[in-house]
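Visitor: give me a model of this one.
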Amino acid sequence: MDEDQFKAPESYRDMEKMKIEIWSDVMCPFCYIGKRKFESALDRFPGKEHIEIEWKSFQLNPAMKTEPGKSINDYLAEVKGWTREYAEEANNHVTRIAGEVGLEYNMDKAVVANSFDAHRFVQFAKTKGKGDAAEEQLFKAYFTDGKNTADHETLVNLGEQIGLDGDEIREVLGSNKFAEAVRKDVYEAQQVGARGVPFFVLDRKYAVSGAQQPETFLGALEKSFGEWELKNPSPVIAYAEGASCTPEGECN
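Guide: Coordinates of the predicted model:
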């Protein structure tokens, strides 16, 4: 039998999906860790092809100044009132946690950078279907590669690596485009109860706060999707036709 007979009709391949919104900030170490743990759960979830992920903007420190020459340990000591030694130990601790999920954190290379333009970059990438890829690039750039994620040319380079047009990115970053989209996400975070990140909202009904274990995410996925599926039943699709009988007694 021709394998094309087993393909679903085009109209059913893009069926409505259950949306999961994830609020995060590129400078949040637990957001990258949470991304990996959530992905681990999603990989084990049978209905993952019916899940749509949308990354949402959240700024932990909107007033942060971009200071490429400043150590992240010095920055944390200043803003949190910690000793530098305590800040260094805190970063070593989160580095160990990141390693448990296969991530390499080089916090000694992290660049103190305001994340507003990085969020505008993600908002633009979302319009091209590249939101998740943009988030992954930003996290790696910040935590692993020690790149300045507020620098426009750095963002252009990251975008080009995921197939975005560099000139379009420059045009966006050189303007005020997507600034309102970032502010809207920040406002929505308050409305859904997000006081920190990462913050996962499933079908606008259930929330998971923080970098939880994959089992927690999986349980939330199963519960929210089960309820969503009851309200959005999938149509029965005939993938192939063969010999059959009808209620009228005709068999062929």
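
Visitor: Lys19: how many residues sit nearby?
Guide: 14 (other CB atoms under 10 Å). To be clear about C-beta, it is placed using only N, CA and C from the backbone, and glycine gets the same treatment.

Visitor: meant to ask about Met107, not that
Guide: Counted with other CB under 10 Å, the neighbours of Met107 add up to 21.

Visitor: look at the nearest residue to it once chain neighbours are set aside and tell me its secondary structure.
Guide: With CB to CB, 6 or more residues apart in numbering as the criterion, Met107 has its nearest non-adjacent residue at 4.1 Å, and that residue is Asn91. Asn91 falls in the helix class when you classify it by DSSP: H, G, I helix; E, B strand; the rest coil.

Visitor: check the gap between Asn91 and Lys223 for me.
Guide: Spatial separation of Asn91 from Lys223 under the definition CB to CB, to the nearest Å is 35 Å.

Visitor: which parts of the stretch 1-150 of the chain are helices?
Guide: Assigned helices in the stretch 1-150 of the chain, in chain order: 10-13, 29-43, 72-80, 84-100, 116-127, 131-139 (criterion: DSSP state H, counting those that start in this stretch).

Visitor: out of these, nearest to Gly219?
Guide: Nearest to Gly219, of all the helices of the stretch 1-150 of the chain, is helix 29-43, at 8.6 Å by CB to CB.

Visitor: OK, contacts around Leu138?
Guide: Applying CB atoms under 8 Å, 6 or more residues apart in numbering to Leu138 gives the contacts Val26, Ala118, Phe121, Val122, Thr149, Leu158.

Visitor: contacts only, for the residue positioned nearest the centre of the chain.
Guide: By CA atoms, centre = their mean, the mean C-alpha position of the chain lies nearest to Trp55, the distance being 4.4 Å. Trp55 makes contacts with Glu21, Ile22, Ser24, Val122, Lys126, Gly131, Asp132, Ala134, Glu135, as judged by CB under 8 Å, 6+ apart.

Visitor: how much space between the spatially closest residue to the last one that is not a sequence neighbour and Lys177?
Guide: It stands for Glu135. Once flanking residues are discounted, Glu135 sits nearest to Trp55: 5.0 Å by CB to CB, 6+ apart. When CB to CB is applied, the distance between Trp55 and Lys177 equals 17 Å.

Visitor: hmm, back to that, give me the more crowded residue out of Asn91 and Lys223.
Guide: Applying other CB under 10 Å to Asn91 and Lys223 shows that Asn91 carries more neighbours, namely 19 against 14.

Visitor: how far away is the more buried one from Glu135?
Guide: If you go by CB to CB, the gap between Asn91 and Glu135 works out to 21 Å.

Visitor: what do you get for Gly174?
Guide: In terms of CB to CB, Gly174 sits 22 Å off from Glu135.

Visitor: compare those two (neighbour count), which wins?
Guide: Neighbours of Gly174 and Glu135, each counted by other CB under 10 Å, are more numerous for Glu135; the result is 23 against 9.

Visitor: so what's that one up against?
Guide: By CB under 8 Å, 6+ apart, the contact list for Glu135 reads Ser24, Val26, Lys35, Trp55, Val122.

Visitor: how far is stretch 196-212 from where the chain is centred?
Guide: A distance of 12 Å separates the C-alpha centroid of stretch 196-212 from that of its chain, computed with CA atoms, centre = their mean, to the nearest Å.

Visitor: ends of that stretch, what's the gap?
Guide: Distances were taken as CA to CA, to the nearest Å; on that basis the terminal residues of stretch 196-212 are 13 Å apart.

Visitor: please shift the residue numbers so they start at 394 in all later answers.
Guide: Taking 394 as the first residue, the last one we looked at is stretch 589-605.

Visitor: buried set for that stretch?
Guide: By neighbour count on 16 or more other CB atoms under 10 Å, the buried set for stretch 589-605 is Val590, Pro591, Phe592, Phe593, Val594, Leu595, Asp596, Ala600, Val601, Ser602, Ala604, Gln605.
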